[in-house]
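Engineer: Using only what follows, build the 3D model:
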Amino acid sequence: QVQLVESGGGLVQAGGSLRLSCAASGSIFRVNGMAWYRQAPGKQREFVATISPSGSTNYADSVKGRFTISRDNAVNTVYLQMNSLKPEDTAVYYCKANLILKGEGWIGREYWGNGTLVTVSS
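Structural biologist: Predicted coordinates:
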């Protein structure tokens, strides 16, 4: 019914840039907050950035000044522009969205994408 599909991952050299996208599709009435998380090999999943429907943003300290989260509400898509990438940014990046589905009133639920791999070489 509902899908979150990430794209844009890949292999990049340290200092390079990548832009991730995550599109939500399905029987969606409203998209609330959207966020990016990441999970490095052998580590727990961690918060990267979040954006509200109005565009308010919040970032993990480790990515402030390098990453920018944005969204296009017309196409239910969130983006993550990643600049000045470091090897420690290597991880699977996951999109999360709080969605209200059609016919479910005003109850928002969290949905996750399957992730996209970002590898930063030194």
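Engineer: At the geometric centre of the protein, which residue sits there?
Structural biologist: Note on the chain: the residue nearest the mean C-alpha position is residue 36, at 3.0 Å, using C-alpha atoms, centre = their mean.
Engineer: Would you mind measuring from it to residue 19?
Structural biologist: Shown here: residue 36 relative to residue 19, a distance of 12 Å by C-beta to C-beta, to the nearest Å. In short, each C-beta sits where N, CA and C put it, glycine included.
Engineer: what is in contact with the two at once?
Structural biologist: Any residue near both residue 36 and residue 19 by C-beta atoms under 8 Å, 6 or more residues apart in numbering counts here, and that gives residue 80.
Engineer: for stretch 94-108, what is the average pLDDT?
Structural biologist: Over the span of stretch 94-108, the pLDDT mean works out to 92.
Engineer: List the buried residues in that stretch.
Structural biologist: Taking 16 or more other C-beta atoms under 10 Å as the basis for neighbour counts, the residues of stretch 94-108 that come out buried are 94, 95, 96, 97, 98, 99, 100, 101, 108.
Engineer: Could you give the separation of it from the chain centroid?
Structural biologist: Relative to the chain's own centre, stretch 94-108 is displaced by 16 Å; criterion: C-alpha atoms, centre = their mean, to the nearest Å.
Engineer: which residues touch that stretch?
Structural biologist: Among residues not part of stretch 94-108, those counted as contacts by C-beta under 8 Å, 6+ apart are 1-2, 4, 6, 20, 22, 24, 26-39, 45, 78, 109-115.
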